[in-house]
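Enquirer: Sharing a model prediction with you, sequence too.
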Amino acid sequence: MLSSENPTPGNDDQVSGHGMWSSRMAFILAATGSAVGLGNIWRFPYVTAENGGGAFVLIYLVCIAAIGIPLLMSEILVGRAGRHSPINSLKQLAQRSQRTWRWMFVGVLGALIGWMILSFYSMVAGWTLAYGWHYLGEIFSSTTVALDPDGKFDDLLASPGALIFWLTLFVTLSVGIVALGVEKGLERAVRILMPMLFVLLLLMVGYGMASGFFQQTLSYLFTPDFSKVDGNTILQAMGQAFFSLSLGMTGIMAYGAYVPRDVNIGKTAGIIALADTGVALLAGMAIFPIVFAHGLSTGEGPGLIFVTLPYAFADIEFGNILGFSFFLLLAVAAWTSAISLMEPAVAYLSESKRFSRLSAAVTVGVATWVLALGSVFSMNIWSGYTIGGKNFQELIEYIASNLLLPLGGLATGLFVGWVLSRVIVREQLSELSDGQYQLWRFLVRYVGPVLVFVVFLSAAGVI
Ligand code: PFF
């Protein structure tokens with residue numbers, strides 16, 4: 001089964017025409033690679049800090065369990081039952097359930113969200129490549145360069161040429177992996193990259209433990225301060241759970257199509273969620289000791305990494321190596337997320353006769369690159385152009401992440417809970433006991449949609 005050929009759909013439900021993951025482990029690595037990204041490494045620690053630390057973490061964990069894992073299972077099962085791109089799987093499964101084919105538009109929405117997210121995501125990933133390159137240069141340079149992180153970050157953002165160079169490199173890397181297909185590209189990449197990421201992160205946590213500020217970090221992250229919890233905290237925790245698990249844009253659904261029949265979906269979803277949450281917590285434990293040791297601010301958002309940490313790396317012995325490792329880790333995390341953001345659109349295009357997998361990947365890559373130029377220019381020459389106080393990049397990010405992602409997740413939950421034939425669903429979740437199945441069904445039918453609806457209204461500013 002060659003992924004670069006046009007898949008012949010629908011001959012049986014054991015295999016996908018795009019290729020298959022070779023094992024359960026390969027799928028776990030790929031889905032974890034999708035989930036773990038820039039969101040975990042900088043966003044989780046920062047949002048946690050802003051929301052009462054331990055209390056936020058607790059609510060986040062509840063959201064992962066109550067909405068995240070059931071929806072993760074839903075996306076995987078739709079993919080595996082359909083065995084096609086999300087768009088065609090949704091269409092065929094709706095028809096097999098005697099419902100309208102129009103459910104495929106949930107897949108269209110997902111592919112569009114992936115494209116939008118990938119545009120600004122690729123730009124930020126380009127920053128991490130630029131920083132990685134910088135530290136690599138420092139490792140081999142004999143002269144000591146004067147430290148100016150603010151200036152360096154500003155210089156990078158002010159230079160469309162540099163931003164476009166790193167963006168192009170990142171998009172090319174992502175297209176290359178996706179073009180190689182499931183077996184040769186995605187799986188081989190995540191097999192090497194994911195373990196590397198874990199090792200790097202553990203190394204940095206080890207450094208944090210030796211810094212003398214680990215205790216402070218632990219209490220900062222894990223001591224619940226419920227006085228800081230309000231409705232907004234809960235919504236933020238839910239939003240973070242959603243974004244972090246890559247839910248709502250059918251990326252996991254696309255990966256689900258390549259999952260072998262004998263994989264236990266419930267167990268696998270639990271492992272993916274655990275790994276994603278674990279990486280976020282480890283990232284916090286790696287980053288905050290450095291922040292505290294140097295008396296730096298925790299409330300910087302993107303600046304926390306690109307502006308503040310270089311001060312710390314400059315102070316630390318072998319800081320160049322640590323800095324290089326850190327930004328390499330971030331680039332790797334972003335890369336394995338980016339390929340999942342591309343996969344729904346690439347899989348759909350390559351199911352049509354007109355596209356090979358390679359031309360589909362290049363088409364999506366070029367479209368991403370063009371949209372990403374808007375984000376690049378909004379950092380410099382277009383920075384003056386805003387709508388509602390948001391520049392182009394902020395607008396795209398707001399619409400895709402805050403509005404469309406919850407909408408996509410809500411629609412997916414409704415499809416699986418209310419539309420998809422119960423026979424198909426139960427067959428996919430055959431390992432679940434009746435009790436477990438009923439619990440899952442209740443969470444997907446009622447709890448998830450209601451809670452996600454609330455998140456959506458809040459993101460849209462209605463409540
Ligand atoms: N889950 C990744 C992160 O936390 O950075 C990135 C991501 C992928 C976000 C897919 C959203 C998405 F739909």
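Expert: Structure received.

Enquirer: distance of the closest residue to the ligand within the stretch 51-200 of the chain from residue 322?
Expert: Closest approach between the stretch 51-200 of the chain and the ligand, counting by Cβ to the nearest ligand atom: residue 117, at 5.4 Å. Using the backbone N, CA and C atoms, a C-beta is placed for each residue, glycine as well. Remark: distance between residue 117 and residue 322 (Cβ to Cβ, to the nearest Å) = 29 Å.

Enquirer: next one: residue 430
Expert: Residue 430 is 47 Å from residue 322, by Cβ to Cβ.

Enquirer: circling back to that earlier point, between residue 117 and residue 322, who's got more neighbours?
Expert: Taking other Cβ atoms under 10 Å, residue 117 and residue 322 do not tie; residue 117 has more neighbours (25 against 20).

Enquirer: Enumerate every residue touching whatever residue of the stretch 251-400 of the chain ends up closest to the ligand.
Expert: Using Cβ to the nearest ligand atom, the closest approach of the stretch 251-400 of the chain to the ligand is made by residue 337 at 3.9 Å. Residues near residue 337 by Cβ atoms under 8 Å, 6 or more residues apart in numbering: 33, 34, 35, 36, 37, 38, 121, 246.

Enquirer: quick one, phi psi at the third one?
Expert: Pointing back at residue 35 there. When quoted as degrees, to the nearest 10, the phi and psi of residue 35 stand at phi -70, psi -40.

Enquirer: repeat for the one 3 residues further on
Expert: For residue 38, the backbone dihedrals (degrees, to the nearest 10) come out as phi -60, psi -30.

Enquirer: So which residues on the stretch 151-300 of the chain come close to the ligand?
Expert: Within the stretch 151-300 of the chain, the positions near the ligand by Cβ under 6 Å from any ligand atom are 243, 244, 246, 249, 251.

Enquirer: Could you rerun that using 8 Å?
Expert: Taking Cβ under 8 Å from any ligand atom, the part of the stretch 151-300 of the chain that reaches the ligand is made up of 243, 244, 245, 246, 247, 248, 249, 251, 276.

Enquirer: which among these gets closest to residue 371?
Expert: residue 249 (15.0 Å; Cβ to Cβ).

Enquirer: Let me know whether the closest one touches residue 114 as I believe.
Expert: Yes. Counting by Cβ atoms under 8 Å, residue 249 does reach residue 114; the two are 5.0 Å apart.

Enquirer: okay, those two: which has more neighbours?
Expert: residue 249 (33 against 29).

Enquirer: How about the contacts made by that one?
Expert: Counted by Cβ under 8 Å, 6+ apart, residue 249 has contacts 110, 111, 113, 114, 117, 341, 344, 404, 405, 408.

Enquirer: Could you report the neighbour count for residue 224?
Expert: 15.

Enquirer: actually residue 358, sorry about that
Expert: Residue 358: 18 surrounding residues under other Cβ under 10 Å.

Enquirer: Any figure for the gap between it and residue 392?
Expert: 30 Å.

Enquirer: what's the distance between residue 256 and residue 71?
Expert: Taking Cβ to Cβ, one finds residue 256 at 12 Å from residue 71.

Enquirer: the longest helix in this structure is where?
Expert: Counting by DSSP state H, the longest helix found in the chain is helix 104-140.

Enquirer: Could I get the buried residue list for it?
Expert: 104, 106-136, 138 (16 or more other Cβ atoms under 10 Å).

Enquirer: ok, residue 171 to residue 15 distance?
Expert: In terms of Cβ to Cβ, residue 171 sits 30 Å off from residue 15.

Enquirer: ok, the two, which is more surrounded?
Expert: residue 171 (24 against 16).

Enquirer: surely the more buried one meets residue 370?
Expert: No. At 10.2 Å, residue 171 does not count as touching residue 370 under the criterion of Cβ under 8 Å.

Enquirer: count of residues packed around residue 243?
Expert: 24.

Enquirer: give the contact list for it.
Expert: By Cβ under 8 Å, 6+ apart, the contact set of residue 243 is 39, 43, 401, 405.

Enquirer: Can you list which of those residues are found in helices?
Expert: Reading helices off the contacts of residue 243 with DSSP H, I get residue 405.

Enquirer: ok, so of the contacts of residue 243, who is nearest residue 99?
Expert: Distances from residue 99 to those, taken by Cβ to Cβ, are shortest for residue 405, at 23.8 Å.

Enquirer: outside of the helix or strand hosting residue 311, which residues touch it?
Expert: Following DSSP states H and E, one finds residue 311 within helix 309-315. Helix 309-315 has contacts (Cβ under 8 Å, 6+ apart) with 131, 135, 147, 149, 152, 287, 290-291, 293-294, 296, 319-320, 322-323, 326.
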